[in-house]
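Novice: Whatever this is, show me its structure:
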Amino acid sequence: MPRATAAQGAGQPPVDVALVLAVDVSESVDADEYQLQHEGIARAFENPNVVAAIAAGPHGAIAATVLEWSDRDKQS
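Specialist: Alright, predicted model coming up:
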């Protein structure tokens, strides 16, 4: 019987990869850079090669999380 992994909680479907994308959103990143980062992430998941690689896995699925961090005094 397969064991659940950290990325696969109880009742969640199995995934091939658990991916965490850590994004700097501190004051050193201006609005244009912020937009560029997020558009890049979105476009990556639309890329046919990425889509094909995900689909080629045994489960055909990944779990993805985007983690944003900022300056210590601006955390929420």
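Novice: Next secondary structure after the helix ranked longest in the chain?
Specialist: Taking DSSP state H as the criterion, the chain has its longest helix at helix 31-46. Using DSSP states H and E, the helix or strand that follows helix 31-46 in sequence is helix 48-56.
Novice: And that next one, what's buried?
Specialist: Burial within helix 48-56, assessed by neighbour count using 16 or more other C-beta atoms under 10 Å, is assigned to Ile54. Quick note: C-beta positions are derived from backbone N, CA and C, even for glycine.
Novice: Show residues contacting it.
Specialist: If you take C-beta atoms under 8 Å, 6 or more residues apart in numbering as the criterion, helix 48-56 is touched by 16-17, 44-45, 60-62.
Novice: With secondary structure, distance to Val51 and neighbour count as new columns, can these be given to me in a markdown table?
Specialist: As requested, the contacts of helix 48-56 are exported to a markdown table (DSSP: H, G, I helix; E, B strand; the rest coil; distance: C-beta to C-beta, whole Å; neighbours: other C-beta atoms under 10 Å):
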| residue | secondary structure | distance to Val51 | neighbour count |
| --- | --- | --- | --- |
| Asp16 | coil | 13 | 17 |
| Val17 | strand | 13 | 13 |
| Ala44 | helix | 10 | 13 |
| Phe45 | helix | 8 | 11 |
| Gly60 | coil | 10 | 12 |
| Ala61 | coil | 12 | 13 |
| Ile62 | strand | 11 | 16 |
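Novice: Sounds good, over and out.
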